[in-house]
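Peer 1: Everything below, folded, please.
(2 chains)
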Amino acid sequence: MEHPEAGRGEDRAEPEPDRRDLLERVLALGAAVWSAGVAIPAGMYLWPAGSSGPTKKYLELDPESLPPGSGRVLGSGGKPVLVLRSKDGEFRAFSAVCPHLGCIVHWDAAQGRILCPCHAGVFAADGSVVSGPPPRALPAYPSRIVAGLLRIET
Amino acid sequence: MSATARARRWLEARYPMPAIRSAFAKQKEKLLPPHVGWPHTMGGMLIFLTVNQILTGILLMVYYRPTTEEAYESVRFLMSRASFGWLIRGLHAWGAHLMIAVLVLHMLRVFWMGAFKKPRELTWVGGVVIFFVTLTFGFTGYLLPWNQLAYWATTVGTEVTASIPQIGAALGTLVRGGDAVGQETLSRFYVLHVVVLPWVLTFLVIVHIVMIRMQGLAPLAPVGEQEVPTPEEGVPFAPHHLSRELVVFPLFFATLIALVILFPPEIGEKANPLVTPEGIKPEWYFLPTYQFLKYLPKQLGLALSALPPLIFLLWPFLDRSRWRRASRRRVSVAIGLAALAFSILLGVLGHLSESEIELFGRTWSFDMYGMPHAAGGQ
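Peer 2: Modelled structure (predicted):
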């Protein structure tokens, strides 16, 4: 037996697009375009505009302040740098940020290694990974003596 | 005519007061299923904690200054100089710990009693979202005092985000507001913590309560049976259940105050972006994830650690039997208990890792995996 409202249901399933439908669609489209128009600038605003900190691209250090066989972490506008001086006086500079999870490494003179305090990452004096979770070596920075000062390009 | 009677008449002349009154009376007298008891008071305590966090948070903002130069000093100042500042910060910090702990217990209660089943699946999903929002509250609030532990826990936490394949680097930059944790991060976390998240949480909590009130508390009977308690077996919310809440509340509040006084939250040293202290760890509720990530390669660990929250969120659509009682849902309950036990184990290993304890006259040092090594005796 056919349901008495079956016919009407079919009519409702495929209604003729009328003016009200069109108006609703135009309004929905308008709302979507407007939302995107508001959301895109807001999203772009949230993207970091860059730090307001110093923009110097290098960092300088008095070479005599670092005795042979020692190391020190220096700051450079939010970019920490590890400077090492080998026993024969040679300087090396690395990013002090551990490539594992961003902790600051330090020079352990007794072991002659670079250590990360967070997850026991160990690096050799040339920045290469000895053991632990770091996925790659510490990035090295070029350094040279300019006018009596050690200049590290970061 | 008394002033209250005049005020009532004034309101009655303007608003449908009888209808408003009866709507409240209906909620007050609403019948609850007969098994509703003490474990059901945890929802009420969570409402109290939410209000506590909002009020103490507003008071903290009066002195707090969200800059890397002044944040640490302003927290020190409000703790040592402002009258009862130590109490306000203590209530906020311990309130946050208790909120997470009670949320976990509340969810365990709902899980155990099968209260997430049809027709309350979305109430569960909303509740899990509230849990995630609360964890985000914890993560963002932890940084605000700008101390060493907070700074480095945030560095590691955002680095974990940054190591998600494809989108990670951009997401990390967006969250931190730059390449490293700094002023931009503090500003972003502050805005999230004091403006965005409170509104999101308030909205979610209201929806959660309305859903519970509309559908009533879940019975223990199988899905589709005894959905509405009969007048003979049901117990009215007030005074029966309300009196239980009124017994638990003073005990709970006393516990909170006792924790603040006996274990005042510390502040430690000011953040130093050039020195990472030894053995930094996240808050206790992140310890299981923190420890889990140590055992696996970074990306695999991340992918696997995203699974439990997802399963947790969608649990009502996985455990679809009609039984609510735990005794009839052995597999489901076993999975839940195993997950809980595993989390606790990881949490304990995370807590012990990279620390030393003295036990029976011997010093044990735990490596990063939480394994003990005898470090020498006496």
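
Peer 1: max-length helix in chain A?
Peer 2: Across chain A, the helix with the greatest residue count (assigned by DSSP state H) is helix A:19-46.

Peer 1: Not counting residues beside it along the chain, what's closest to residue B:96?
Peer 2: Spatial nearest neighbour of residue B:96, chain neighbours left out: residue B:138 (5.9 Å); criterion: CB to CB, 6 or more residues apart in numbering or on different chains. For the C-beta atoms, the positions are set from N, CA and C on the backbone; glycine is no exception.

Peer 1: How about residue B:183?
Peer 2: Using CB to CB, 6+ apart and skipping the chain neighbours, the partner closest in space to residue B:183 is residue B:68 (4.9 Å).

Peer 1: I'd like the distance between that neighbour and residue B:157.
Peer 2: According to CB to CB, to the nearest Å, residue B:68 and residue B:157 sit 18 Å apart.

Peer 1: Please say which of those two ends up with more neighbours.
Peer 2: Ranked by neighbour count (other CB atoms under 10 Å in any protein chain shown), residue B:68 and residue B:157 place residue B:157 first, with 22 against 18.

Peer 1: shouldn't that one be in contact with residue B:281?
Peer 2: No: Residue B:157 lies out of contact with residue B:281 (CB atoms under 8 Å); the separation is 10.9 Å.

Peer 1: Now do the helix or strand where residue B:111 lies, average pLDDT.
Peer 2: Assessed by DSSP states H and E, residue B:111 sits inside helix B:85-112. Mean pLDDT, helix B:85-112: 97.

Peer 1: following it, which helix or strand shows up next?
Peer 2: helix B:121-143.

Peer 1: List the buried residues of that next one.
Peer 2: B:123-131, B:133-143 (16 or more other CB atoms under 10 Å in any protein chain shown).

Peer 1: lowest-confidence helix or strand of chain B?
Peer 2: Across the helices and strands of chain B, mean pLDDT, DSSP states H and E gives its lowest value to strand B:372-377, namely a mean of 71.

Peer 1: next one: chain A
Peer 2: helix A:6-13 (a mean of 51).

Peer 1: burial of residue B:231, as a residue count?
Peer 2: The number of residues packed around residue B:231, counting by other CB under 10 Å, is 7.

Peer 1: who's in contact with the closest residue to it other than its chain neighbours?
Peer 2: Once flanking residues are discounted, residue B:231 sits nearest to residue B:31: 6.9 Å by CB to CB, 6+ apart. Neighbouring residues of residue B:31 by CB atoms under 8 Å, 6 or more residues apart in numbering or on different chains: B:216, B:228-229, B:231, B:234-237.

Peer 1: how much space between residue B:31 and chain A?
Peer 2: For residue B:31, the distance to chain A (CB to the nearest CB, to the nearest Å) stands at 38 Å.

Peer 1: Over to residue A:150. Which of the three states is it?
Peer 2: Assigned by DSSP: H, G, I helix; E, B strand; the rest coil, the conformation of residue A:150 is strand.

Peer 1: Just to check, it is in contact with residue A:65?
Peer 2: No: using CB under 8 Å, residue A:150 makes no contact with residue A:65, being 9.2 Å away.

Peer 1: Close to chain A: what parts of chain B are there?
Peer 2: Within chain B, the positions near chain A by CB under 8 Å from any CB of the partner chain are B:152, B:155-156, B:158-160, B:163, B:173-174, B:176-180, B:182-184, B:273-280, B:294, B:298, B:354, B:367-368.

Peer 1: Out of those, list just those in strands.
Peer 2: Among the residues of chain B next to chain A, no residue falls in strands (DSSP state E).

Peer 1: Which ones among these lie within helices?
Peer 2: Mapping those onto helices (DSSP H) picks out B:152, B:155-156, B:158-160, B:173-174, B:176, B:183-184, B:294, B:298.

Peer 1: Would you mind giving the residues you listed as JSON lines with neighbour count and pLDDT added?
Peer 2: Putting those into JSON lines (neighbours: other CB atoms under 10 Å in any protein chain shown; pLDDT from 0 to 100) gives the following:
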{"residue": "B:152", "neighbour count": "26", "pLDDT": "93"}
{"residue": "B:155", "neighbour count": "26", "pLDDT": "92"}
{"residue": "B:156", "neighbour count": "23", "pLDDT": "89"}
{"residue": "B:158", "neighbour count": "24", "pLDDT": "91"}
{"residue": "B:159", "neighbour count": "23", "pLDDT": "87"}
{"residue": "B:160", "neighbour count": "22", "pLDDT": "85"}
{"residue": "B:173", "neighbour count": "17", "pLDDT": "91"}
{"residue": "B:174", "neighbour count": "18", "pLDDT": "92"}
{"residue": "B:176", "neighbour count": "24", "pLDDT": "92"}
{"residue": "B:183", "neighbour count": "19", "pLDDT": "93"}
{"residue": "B:184", "neighbour count": "22", "pLDDT": "93"}
{"residue": "B:294", "neighbour count": "18", "pLDDT": "84"}
{"residue": "B:298", "neighbour count": "17", "pLDDT": "77"}
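
Peer 1: Relative to residue B:73, which of those is nearest.
Peer 2: Comparing these against residue B:73 with CB to CB places residue B:183 closest, at 14.8 Å.

Peer 1: Surely the closest one touches residue B:71?
Peer 2: No: in this structure residue B:183 lies outside contact range of residue B:71 using CB under 8 Å: 9.6 Å.
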